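> Model the following, please.
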Amino acid sequence: MNGSLLSPDSLPERTTPDRNETKYVFVTGGVVSSLGKGIAAASLGRLLKARGLKVVNQKLDPYINVDPGTMNPFQHGEVFVTDDGGETDLDLGHYERFTGENLKRTSNVTAGSVYLSVIQKERRGDYLGDTVQVIPHITNEIKDRIRRVADGDVDVVITEVGGTVGDIESLPFLEAIRQYGNDVGRRNVLFLHVTLVPYIATSEELKTKPTQHSVAELRSKGIHPDVIVVRSDREIDESARKKISLFCDVEERAVIAAPDARDIYEVPLILHEGGLDDVVCDRLNLITGPPSLDSWRAMVDKALSASEKVTVGIVGKYVDLPDAYLSVAEALRHGAASEGLELDLQWIPSDELTGLLAESYLDELDGIVIPGGFGYRGVEGKIQAITYARENGVPFLGLCLGLQCAVIEIARSVLGHPEANSTEFDPSTPHPVIDLMSSQEDVEDMGGTMRLGLYAAKLAEGSRVRALYGEELVYERHRHRWEVNNRYRRDLEAAGMRLSGLSPDDNLVEYVELVDHPFFVATQAHPEFRSRPDRPHPLFAGLIAAAAARRGGVVDLSIEEDAEEGVTTK
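The predicted model follows:
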């Protein structure tokens with residue numbers, strides 16, 4: 001790993017005027033979805049933290065699912081897992097990557113979880129026979145969820161409301177945050193609205209009318225925005241800013257331009273230049289010094305100035321929606337940027353990797369990543385990609401299911417068990433090298449049998465993973481049910497697969513690697529969730545270094561050097 005980046009930021013001492021009053025920022029969106037509310041909320045979190053404030057981000061999602069854990073990745077993208085085992089919205093990944101804070105499950109609130117809690121309280125008789133209604137019972141539950149994340153030493157809570165103003169399912173959340181301003185005092189609450197100003201090419205004009213309508217819709221719900229962040233594909237001119245200020249009744253300096261950025265990690269710098277954090281601090285009476293952004297700016301500049309490329313393929317079954325592997329892609333970008341390289345990311349559909357076709361997908365890659373997943377579809381293609389990586393010396397990183405596929409591949413190709421498999425895919429396989437390692441009864445809760453959240457692992461001395469982490473005991477987040485079958489441990493080691501990381505009680509295999517390979521590492525965990533742009537995860541940095549070395553010696557691949565720069569994820 002490259003140690004030239006400053007990480008984490010050297011931040012000023014916290015200077016909050018009144019520690020008895022937590023401040024709240026509510027982020028809403030209008031006009032269209034996917035404007036980048038999550039990036040705006042995360043960027044504001046980074047700016048406030050850079051001023052020495054303790055910040056916590058939160059997401060309110062209007063869908064009726066209790067959590068994203070059982071949702072189709074094609075519809076919702078990846079499931080982001082927190083240290084405490086929460087299966088959450090992918091925006092929490094943005095929050096963690098930008099702020100460097102490890103969030104808890106309380107930072108993700110869905111309409112389904114709110115209604116479930118209210119119904120359970122009603123069934124227990126908590127409401128003493130009252131008629132249960134959206135107001136006050138649902139809105140009170142939502143406000144309780146907001147208060148929970150403010151527990152402890154928190155200066156600012158930044159809560160993003162999912163969806164778009166005008167959506168029927170968002171109404172209870174909008175009403176709840178409107179009430180919250182009255183509950184804690186309007187001086188302690190700021191409403192930030194993210195909206196779109198489209199450019200009409202035929203008239204060569206930026207149009208503010210959609211923003212005006214969106215703000216009018218928000219104000220009809222009793223919420224008057226204090227700040228408007230204007231998304232556009234170009235800089236907005238002064239006349240457009242004045243028009244938005246006039247018609248939306250917002251200070252002109254509180255109309256913040258957010259044009260398309262070259263890199264998402266540049267957004268905090270753009271918003272800072274636009275004065276966002278100054279306006280927020282003034283409005284909430286947060287007395288701080290200027291933000292410490294030098295190391296963040298250096299990180300962004302290094303990423304944008306990269307000239308050499310490294311090509312890495314993600315082999316998965318959800319590649320048609322890259323958000324399904326968002327944290328994996330970001331972790332690879334972090335690793336590449338830390339080495340001064342540009343990432344050329346190839347999305348490879350695992351269910352198309354069959355026979356000779358596989359080589360046409362893989363032969364131009366410098367590195368291969370097999371991400372996590374559930375279900376049998378595409379597994380054989382992933383195993384074939386691993387065979388290719390093993391036989392051709394292509395640097396390989398397996399994540400969760402990627403480790404399981406690597407074990408299956410070794411059992412088939414090296415141990416000579418062509419029917420070896422996981423009992424998830426073939427319950428009757430004669431060689432269940434991947435199996436459920438404890439008796440797990442069927443439960444109604446689909447997540448009830450999973451290993452979720454942060455688990456420890458001991459790394460073997462002299463192993464590549466031990467050198468990369470620079471620590472013997474490491475902690476990573478998990479999300480899986482199936483494990484390496486301990487009955488096959490000796491056979492796998494005899495086949496050249498080192499079991500380089502075990503659970504503290506030695507019962508579960510957490511890491512494997514091939515000794516006679518440039519870089520062949522896999523883990524049962526999801527290390528991508530703990531990678532940060534200013535602190536790349538050591539496994540991803542190691543893969544990128546190996547991939548660059550394969551391409552042409554751009555980076556000196558040295559285990560000893562990696563060990564010195566290893567980053568513990570404890």
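> Kindly tell me how buried the residue nearest to residue 242 when sequence neighbours are not counted is, as a neighbour count.
Closest residue in space to residue 242, ignoring its immediate chain neighbours: residue 252 at 6.2 Å, by C-beta to C-beta, 6 or more residues apart in numbering. Glycine gets a C-beta too; all of them are placed from N, C-alpha and C. By other C-beta atoms under 10 Å, 11 other residues sit near residue 252.
> Which residues are in contact with residue 252?
Residue 252 makes contact with 241, 242, 245, according to C-beta atoms under 8 Å, 6 or more residues apart in numbering.
> One more: residue 145?
Residue 145 touches 58, 60, 106, 109, 114, counting by C-beta under 8 Å, 6+ apart.
> Mind doing that once more with 6 Å?
residue 109 (C-beta atoms under 6 Å, 6 or more residues apart in numbering).
> what helix or strand does it sit in?
Assigned by DSSP states H and E, residue 145 belongs to helix 139-149.
> pLDDT on that helix, on average?
In this model, helix 139-149 carries a mean pLDDT of 96.
> Would you mark the buried spots in it?
139, 141, 142, 143, 145, 146, 147, 149 (16 or more other C-beta atoms under 10 Å).
> Let me have those residues in CSV, extended by distance to residue 218.
What follows is those, written out as CSV (distance: C-beta to C-beta, whole Å):
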residue, distance to residue 218
139, 17
141, 22
142, 17
143, 19
145, 21
146, 18
147, 23
149, 23
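> picking that back up, with just CA atoms, put the helix holding residue 145 into PDB.
C-alpha atoms of helix 139-149 as PDB (Å, rounded to 0.1, in the frame of the first residue of the first chain):
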ATOM      1  CA  THR A 139     -44.700  10.100  12.900                       C
ATOM      2  CA  ASN A 140     -43.800   9.700  16.600                       C
ATOM      3  CA  GLU A 141     -42.000   6.400  15.800                       C
ATOM      4  CA  ILE A 142     -40.100   8.100  13.000                       C
ATOM      5  CA  LYS A 143     -39.000  10.900  15.300                       C
ATOM      6  CA  ASP A 144     -37.900   8.300  17.900                       C
ATOM      7  CA  ARG A 145     -35.700   6.700  15.300                       C
ATOM      8  CA  ILE A 146     -34.100  10.100  14.600                       C
ATOM      9  CA  ARG A 147     -33.500  10.800  18.300                       C
ATOM     10  CA  ARG A 148     -31.800   7.400  18.700                       C
ATOM     11  CA  VAL A 149     -28.800   8.300  16.500                       C
END
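> Could you pull up the mean pLDDT of the helix or strand just after it?
Counting by DSSP H and E, the element after helix 139-149 in chain order, helix or strand, is strand 156-161. Strand 156-161 carries an average pLDDT of 98.
> counting contacts, what elements does strand 156-161 pack onto?
When contacts are defined as 3 or more C-beta pairs under 6 Å, 6 or more residues apart in numbering; DSSP states H and E, strand 156-161 sits against strand 23-29, helix 37-49, strand 55-61.
> mind checking which of these is nearest residue 124?
Nearest to residue 124 among the helices and strands packed on strand 156-161 is strand 55-61; the distance by C-beta to C-beta comes to 24.5 Å.
> Give me the sheet partners of that closest one and which way each runs.
Partners of strand 55-61 in the sheet, by DSSP bridges, are strand 108-110 (parallel), strand 156-161 (parallel).
> So residue 511 lies in a helix, does it not?
No: counting by DSSP: H, G, I helix; E, B strand; the rest coil, one finds residue 511 to be strand, located in no helix.
> Residue 463 is in contact with that one, correct?
No: taking contacts as C-beta atoms under 6 Å, residue 511 lies outside contact range of residue 463: 7.6 Å.
> So the two - more neighbours on which side?
residue 511 (28 against 20).
> Considering the contacts of residue 252, which possesses the most neighbours?
Within these, most neighbours by other C-beta under 10 Å means residue 241, with 21 neighbours.
> Specify the beta-bridge partners of the closest residue to that one other than its chain neighbours.
Among residues not flanking residue 241 along the chain, residue 255 sits closest, at 4.8 Å (C-beta to C-beta, 6+ apart). Applying DSSP bridges to residue 255 gives these bridge partners: residue 228.
> give the contact list for residue 161.
Going by C-beta under 6 Å, 6+ apart, the list of residues near residue 161 reads 28, 60, 173.
> actually residue 317, sorry about that
Here residue 317 is in contact with 350, 351, 377, 378 (C-beta under 6 Å, 6+ apart).
> Show the model's pLDDT score for it.
Residue 317 is given a pLDDT of 90.
> Quick one: end-to-end distance for stretch 81-98.
Distance across stretch 81-98, first residue to last, is 16 Å (C-alpha to C-alpha, to the nearest Å).
> Contacts made by that stretch with the rest, please.
Residues outside stretch 81-98 that contact it (C-beta under 6 Å, 6+ apart) are 38-39, 42, 45-46, 57, 59, 61, 67-69, 77-80, 102-105, 107-108, 326-327, 452-454, 477, 479, 529, 532.
> For it, what is the distance to the chain centroid?
Centroid separation for stretch 81-98 versus its chain: 5 Å, with C-alpha atoms, centre = their mean, to the nearest Å.
> average pLDDT across it?
96.
> again, but for stretch 509-517
Mean pLDDT, stretch 509-517: 96.
> The closest residue to residue 319 other than its chain neighbours and residue 266, how far apart?
The shortest distance from residue 319 to any non-neighbouring residue, by C-beta to C-beta, 6+ apart, is to residue 347 (3.9 Å). As judged by C-beta to C-beta, to the nearest Å, residue 347 and residue 266 stand 23 Å apart.
> Looking at these two, which is more packed in?
Comparing residue 347 with residue 266 by other C-beta under 10 Å, the one with more neighbours is residue 266, at 18 against 15.
> Surely that one touches residue 300?
Yes: if you go by C-beta under 6 Å, residue 266 and residue 300 touch, sitting 5.1 Å apart.
> Need the max-distance pair from the contacts of residue 317.
350 and 377 (8.3 Å).
> neighbour count winner among the two?
residue 350 (27 against 12).
> quick one, what contacts that one?
315, 316, 317, 378, 381, 382.
> before we move on, what about residue 306?
By C-beta under 6 Å, 6+ apart, residue 306 lies in contact with 340, 341, 342.
> can you tell me which residues contact the second one?
Neighbouring residues of residue 341 by C-beta under 6 Å, 6+ apart: 306, 308, 310.
> go on, the first one?
Neighbour list for residue 340: residue 306 [criterion: C-beta under 6 Å, 6+ apart].
> ok, now how distant is it from residue 130?
For residue 340, the distance to residue 130 - C-beta to C-beta - is 62 Å.
> In JSON lines: the contacts of residue 317, plus pLDDT, distance to residue 336 and secondary structure.
Below are the contacts of residue 317 laid out as JSON lines (pLDDT from 0 to 100; distance: C-beta to C-beta, whole Å; DSSP: H, G, I helix; E, B strand; the rest coil):
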{"residue": "350", "pLDDT": "92", "distance to residue 336": "22", "secondary structure": "helix"}
{"residue": "351", "pLDDT": "89", "distance to residue 336": "27", "secondary structure": "helix"}
{"residue": "377", "pLDDT": "89", "distance to residue 336": "29", "secondary structure": "coil"}
{"residue": "378", "pLDDT": "89", "distance to residue 336": "25", "secondary structure": "coil"}
